[in-house]
Structure formats: structure tokens, C-alpha cells
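S.K.: fold the following and give me the result.
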Amino acid sequence: MAIVDYKKLGLVNTREMFKRAVNGGWAVPAFNFNNLEQLQAIIKASATLKSPVILQVSKGARQYADPVLLRYLGAGAVAYAKELGCNHPEVVLHLDHGDSFELCKSCVDNGFSSVMIDGSSLPYEENIALTKKVVDYAHQYGVTVEGELGVLAGVEDEVSAEESHYTRPEEVIDFSKRSGVDSLAISIGTSHGAYKFKPEQCTRDPKTGRLIPPPLAFDVLAEIEKKLPGFPIVLHGSSSVPQKYVDIINQYGGNLPDAVGIPEEQLRKAAKSAVCKINIDSDSRLAFTAGVRETLAKHPEYFDPRKYCGSARDYMTEMYQYKITDVLGSDNKLANLD
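M.R.: Numbering: from 1, shown residues only. Just a heads-up that it's a prediction; the model follows:
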């Protein structure tokens, strides 16, 4: 099979946008998508606000959508951004949590412009070896590679871990040099899913009864920045789990008690550091589910998916726009704003 050149699809890799983000004190939004409505909402929000954007696809989402369809969705996303008036969009198609060399290679071969190889569950030397193997292959085609050191707790698609293990700052120089990665995902207390913390890890607001999560380990982040000044750092599991969507879901028949995410002020602080990519997945799922549940509860006669998925798309667009402008600061950060 001929290798698909991501540049011919209109996509870009992460290298230049990460440099600008690190130097400018903002972060590139990395939004996972699983369906057309999510993709439409992501592109509408990012194109309208002139923000670079990373379209993230997990192994499970790739299987769900089909690799061939995904390639054309990536090209279509670029064309849609231009149709919305964004003349020079910067769209990355990125594999999230690749778990094997074969999967990463398949994504590179099929037009992805960036891949992540997650060897964080492996022994240190095996993580380096696997990551370097992916880097050596991907760099032949200009595809950027994200590695991971440290383990995040929580569940997201095929990725799950009971406990988190913070990244060890003393390992980051050795890992980045020997593996050759372009960016590094670290663990400083974020986690996957809508239940990022157990109640016993949190305090509870006496007025609202909502859980207040513990702070992120910014001391670990500061040590990593000292070891690797200017190197692109990535935060996974960084959904804030907006309570308004949780409340709507629970109001209309859902059951998400004590769902809690990362406080947005902590994400803002991280974005002003070397953290140049922040991954957000659960917030989109919550916004989509809230829109569907609310619409069907109010209109039980609906059976046209466009009606209830359209409402869900509106909620997601609103959420993405807020993240871009008020949390990550990536609006009007394209290299070319003409």
C-alpha cells in the first residue's frame, strides 16, 4: 500500500505550533473525536477563533470510524475550516495512546501527521526502545511523535490504570534524548475519565456539596521544566468535567454522582508554562450526552438523529470555544491570520 502523505491532505504536524505555544505561554487544544458532530464542532470552534487544533483519535475511535474514512475526514476538516473563513488552518490528525509500533506505523502510513506511542506501562528501557522505534519510522515522513513518562490513573477507551505514578524529573533528559521524541506527556496528577478523583482524595464544598479535587503537582512540572527548558510538554486527562453538563445529564435521567475534573485555573496555570498541548475528551462526551438527553426528554416524539445530535453539537461547539478562549488561550494564534 502506498503511504499517504499528510501534507497532501492539508494537515500539519505539531512542531511549529508547539514552538509558538511554549514561547507564547498558551496551549494547543487537543480534542478527541468519535463522530461527525464532534468533528464539526471542533472545526467550527477552532476555525472561527483562528486557533490551531489537534484532532485526536484513540485506537478505539479509529476502529469505530474506519481508518480510510478517517483519512478523508481529516482532509474534509481542513476544507471545512477554509469554508468557514479560516484561510490558513493548522489541523493535526493525531493518534492518542498508540499501544504498539504496528498501530503507529499504520497511522503514519494512512495520513496521520502526529502519533503518540504510550509505553508508560513498560519498564523504562523498554519504553525508550519502543518509543525510539516509532520515532525512527515516523520521522522519515515528517510525522511528529509524542511519548509518555509516568502513569495516569483512570479509564479512557483501552487505557486504564488504578493508580497514578508521577513522572520522575530525573528521567526526562535521558528519555527525550535517547528516544528522540518531539513532545513528552507527563503525569502530575491529571487522570482519565469523568471520575478523575475518588471522594476520599477530595474535600467537599459545604455549600454546594460538590467535590473539590487536590491540586496538580506543579513542583514536579517545575522540575521537569528546569531539566528540559523549552521542550514541549503534554498533559493528558485534562477535562474539567463542567458541572452544568453533569447537572443536565443527571436532571434528564443520567446517573453521574460525584463526577469531578481538573479545575480550570490549574489548566490555565499549566498552559502558561512549558505545557503546550492539553488533552480534552470527557468534556466533549459530557456536552454531547447532555444535549441528547435534554432534547429527547423535552421532545420524546423525536426520532430524527439530526435534531437531537444537532443540539448536542451546539453544546460541544460552545464548550470548545470556551476552552480555546478562556482556558488554553489559543485563539488568534495561527501562524498566518490573513
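S.K.: would you put the C-alpha positions of the strand ranked longest in the chain in CSV?
M.R.: If you go by DSSP state E, the chain has its longest strand at strand 91-98. C-alpha atoms of strand 91-98 as CSV (Å, rounded to 0.1, in the frame of the first residue of the first chain):
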residue,chain,number,x,y,z
VAL,A,91,-5.1,21.0,11.8
VAL,A,92,-3.2,18.0,13.1
LEU,A,93,-4.6,14.4,12.9
HIS,A,94,-3.1,12.7,15.9
LEU,A,95,-3.2,9.1,17.3
ASP,A,96,-3.8,9.2,21.0
HIS,A,97,-2.3,6.5,23.2
GLY,A,98,-0.9,4.3,20.5
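S.K.: what about that strand, average pLDDT?
M.R.: In this model, strand 91-98 has a mean pLDDT of 97.
S.K.: next one: stretch 321-332
M.R.: 98.
S.K.: okay, how far is it across it, tip to tip?
M.R.: By CA to CA, to the nearest Å, the extent of stretch 321-332 from end to end equals 12 Å.
S.K.: got it, and stretch 108-126?
M.R.: 22 Å.
S.K.: flag every buried residue along it.
M.R.: Neighbour-count burial for stretch 108-126 flags 108-120 (criterion: 16 or more other CB atoms under 10 Å). For every residue, glycine as well, the C-beta is placed using N, CA and C.
S.K.: of those, which pair is most distant in space?
M.R.: By the measure CB to CB, 111 and 120 form the most distant pair in those, at 25.9 Å.
S.K.: quick one on the thing from earlier: ok, so of the buried residues of stretch 108-126, who is nearest residue 21?
M.R.: Closest approach between the buried residues of stretch 108-126 and residue 21, by CB to CB: residue 114, at 14.0 Å.
S.K.: give me the beta-bridge partners of that closest one?
M.R.: With DSSP bridges as the criterion, residue 114 is bridged to residue 94, residue 144.
S.K.: hey, C-alpha coordinates of the host helix or strand of residue 79 in CSV?
M.R.: Take DSSP states H and E as the rule and residue 79 turns out to sit in helix 67-83. What follows is helix 67-83, C-alpha atoms only, in CSV (Å, rounded to 0.1, in the frame of the first residue of the first chain):
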residue,chain,number,x,y,z
PRO,A,67,-9.0,4.2,9.0
VAL,A,68,-9.9,5.0,5.4
LEU,A,69,-12.8,7.2,6.4
LEU,A,70,-10.7,9.0,9.0
ARG,A,71,-8.2,10.0,6.3
TYR,A,72,-10.9,11.8,4.3
LEU,A,73,-12.4,13.2,7.4
GLY,A,74,-9.0,14.8,8.2
ALA,A,75,-8.9,16.3,4.7
GLY,A,76,-12.5,17.4,5.0
ALA,A,77,-11.8,19.1,8.3
VAL,A,78,-9.2,21.3,6.6
ALA,A,79,-11.6,22.1,3.7
TYR,A,80,-14.4,22.9,6.2
ALA,A,81,-12.2,25.3,8.2
LYS,A,82,-11.4,27.2,5.0
GLU,A,83,-15.1,27.2,4.1
